[in-house]
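Peer 1: Please work out how this folds:
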Amino acid sequence: MTSPVRFARHRFPLQPIRSLLTCGTIGLVLGCQSGPSAPVASHTARLPVAATAETEPPTAEEAESPAGTIRQVQHETPAGVDSETGPAAPSELSSGPAADSESLRGLEWTAVTSHPDLRRLQHEVSAAWAKARYVDELPDPTIGANVFVNPIETAAGSQRANLSVMQMIPWLGRLEAQAQQACFEAFAAQQKYEAERLRIVADLRVRWYRLYVLGRQIEVTEANQKLFESITDLATLRIRQNLGTVGDVQRGALEISRLEEQLVIFRQQVESTKAEINRLAARPAETPVPIPASLDVELPDWSHPMLRQVAWERQPAIASAHLMANATRWGVEVARLKRRPDVTFNASWFVIDDNRPATPIVDVGEDAWSLGAQVTIPLWREKYDAMEDEATWKHFASHRTVEDLQQQFDALLRDLWEQAKAADATASLYRDTIIPQAQQTLDADQQSLKDGTVEFDRVIDDIRNLLTLELGYHQAIGRLATALARIHQAVGVDLAPSRSPAPEPLPAEPVPAEHIPADPGV
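Peer 2: Model prediction:
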C-alpha cells in the first residue's frame, strides 16, 4: 500500500480538467513508448480527420449508367483531399475518423456545453468544491444567557443573570485530514464529469458515422435501383426482339419494388439517427442534421499494449477511482483521529447588583468572571475500533475498484482494437477483391445476356449480390469508425494516428501514514 497523497490547500483556484486528470493519476506508469510510424492503408470515400479540414467536402457523384450498361457505385477518394499535406492537426473536441468536420465539431461543442447530464455533473463538482471550502473550519461558537427569576444572593450582591461564550475546537489534525479527503472527492467528481463528457462525445460520433453509412446505403440503393431499371428496359427490348419473356420484366419490376422497400427502411433509420444526434446535442428532435457526404477513416499505427498504457494514465474513470482510493485513505486517517479528544473553552460573565452595604471584605456590586475548559474522553475503544475498521475496509474496497476498472478497460480495448482490425481487413477485402470480382462477373453475364447465352435471372442475382457487397463495404467502414471512436473514449484522449508518448503526470508530495494497516491483497 502506498502512502496517502496530500493535495495543496483546497482554497487554491481549480485547475483545468485535463490538469486535474494528470494530477489525479498518482502512481501510474509514465508515458507509453513511442514507436515508428508505419504506412497504413486508408479507405476511400472519405474526408480528412474530424475538425481538421477547413473546406467543405465534395459531394460524391451519383452512380448513373446508360441503358444496357451496369456499373459499380464509385469508391474513389473525393477531390479536395490533399494527398501530400494530409489533414491538419486534430482539434480538442473532434479527432479521429469523422465526416463534415465543421458540422461534427459544432455538434460536439453543443453537446459538451448544453447536455443536461454534463450540466448536472458540473453542479455536483461545484457542490464538492463548496464542501472542501468549509469542511476544515471550526464549528460556530455558542453564546448562552441565563436570567434568574429569583436572584442568587451573595455577599457582593444579588446575581441577576449570567452570559457565557463557548468554542469547541476539534482535533486540528482531523480537520486537516477531512479537508484532504474532501479535496480528493472533489477531484474525483471532476473526473466523473470528464468520463461522462467522453461518453457523450463518443455516442455522438458513433451516431454521426451511422448517419454516414445510412446515407451511403441510400445512395447505393438508389444507384442500383437505376441499374435494375436499365436491365428491365433491356428485358423489354429483348421481348420486342422475341428473345425474352414477360416474366423477365416482371422480375425486374419486383426487384425495383424490393429496393424501394429498403429505401423506406433506410430513410426511417436516418430520421431516427438524426433524432438521437439532436438528443445528444441537447437540441429539439426535429432540428435538421445534414447527412455526411464522405468519411475519412484508416487503421492507425496503434497496438493493444500502447492503448492500455494510455488508458491507465488518461482514462478519467480510472483516475476517478485512484482519487477515491486516496480519499478513502484520508478517511482512514479521519477515523483514527476520532480517538483524539475535542476541547471546549468557555468564558462566563455574572451580573451582580450593588444592593449590599459597603464592606472591606468584598467588592460590593462588582461583576464576576469565569474561564473554563472541557475535554471529551474517548473511553469506548470498541466503538473507535469499529469506526477505523469501517474506513479501512472501504479503503481496501476502493483499491479493488481500481483493479477492476483496469481489467475492464484492458479487455474492452483488446476487443475494440480487434474489431477495428477486422473491420479494416473486411473493408480492404471488399474494396480490393470481392467487389471488383462481383463487378467483373456482372459485366460478363451482362454481355452474355445480350448474346443470349445466360438467363435473365442470373443477371438479376449478380446485381443483388453486388448491391449486398457494396452495402457491406460501407458497413465495414462504419464499424471501423465506430470502433476507433470507442477506443478514443476508452483511452480518455483523442490519440494521433501514429504512436506517441503520453504526457507525464505531475508529481505529488506523499505524507506518512504509519497508523493505516496494510492490505494483504495490495
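
Peer 1: Shouldn't N162 be within a strand?
Peer 2: Yes: according to DSSP: H, G, I helix; E, B strand; the rest coil, N162 belongs to a strand.

Peer 1: can you pull the contacts of it?
Peer 2: A145, N146, S348, W349, F350, V351 (C-beta atoms under 8 Å, 6 or more residues apart in numbering). Yep, even glycine has a C-beta here, placed from its N, CA and C like the rest.

Peer 1: Take the residues you listed and write them to a markdown table, including pLDDT, neighbour count and secondary structure.
Peer 2: Below are the contacts of N162 laid out as a markdown table (pLDDT from 0 to 100; neighbours: other C-beta atoms under 10 Å; DSSP: H, G, I helix; E, B strand; the rest coil):
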| residue | pLDDT | neighbour count | secondary structure |
| --- | --- | --- | --- |
| A145 | 92 | 10 | strand |
| N146 | 90 | 13 | strand |
| S348 | 93 | 16 | strand |
| W349 | 90 | 14 | strand |
| F350 | 88 | 19 | strand |
| V351 | 85 | 18 | strand |
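
Peer 1: which residues sit against stretch 345-356?
Peer 2: Here stretch 345-356 has contacts from 151, 154-167, 169, 362, 364-374, using C-beta under 8 Å, 6+ apart.

Peer 1: Can you tell me which of these are buried?
Peer 2: Buried members of the contacts of stretch 345-356, counted by 16 or more other C-beta atoms under 10 Å: P151, A156, G157, S158, Q159, R160, N162, S164, V364.

Peer 1: can you map out the strands along the stretch 151-300 of the chain?
Peer 2: Here the stretch 151-300 of the chain has its strands, by DSSP state E, counting those that start in this stretch, at 157-169.

Peer 1: swap that for the chain, please
Peer 2: 5-6, 142-154, 157-169, 343-352, 368-375, 509-510 (DSSP state E).

Peer 1: How far away from the center of its chain is the third one?
Peer 2: Which is strand 157-169. Mean-position distance between strand 157-169 and its chain equals 58 Å (C-alpha atoms, centre = their mean, to the nearest Å).

Peer 1: got the CA coordinates for it in CSV?
Peer 2: C-alpha atoms of strand 157-169 as CSV (Å, rounded to 0.1, in the frame of the first residue of the first chain):
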residue,chain,number,x,y,z
GLY,A,157,-24.9,41.5,45.9
SER,A,158,-27.8,39.8,44.0
GLN,A,159,-26.7,37.8,40.9
ARG,A,160,-29.4,38.6,38.4
ALA,A,161,-28.1,36.9,35.2
ASN,A,162,-25.0,35.5,33.5
LEU,A,163,-23.7,35.4,30.0
SER,A,164,-21.4,32.6,28.6
VAL,A,165,-19.5,32.1,25.4
MET,A,166,-18.2,28.6,24.4
GLN,A,167,-16.0,27.5,21.5
MET,A,168,-15.4,23.8,20.7
ILE,A,169,-12.1,23.1,19.0
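
Peer 1: got the angle between that strand and strand 368-375?
Peer 2: Interaxial angle of strand 157-169 relative to strand 368-375 (axes from the mean of the first three to the mean of the last three C-alpha atoms, to 10 degrees): 30 degrees.

Peer 1: Can you find the helix or strand in the protein with the smallest mean pLDDT?
Peer 2: helix 17-24 (a mean of 37; mean pLDDT, DSSP states H and E).

Peer 1: distance of D354 from I361?
Peer 2: 15 Å (C-beta to C-beta, to the nearest Å).

Peer 1: Who has more neighbours out of the two?
Peer 2: D354 (12 against 7; other C-beta atoms under 10 Å).

Peer 1: Spatially nearest residue to that one (excluding sequence neighbours)?
Peer 2: G365 (2.8 Å; C-beta to C-beta, 6 or more residues apart in numbering).

Peer 1: Please list all residues in contact with the one you found.
Peer 2: G365 touches A156, G157, I352, D353, D354, N355, R356, counting by C-beta under 8 Å, 6+ apart.
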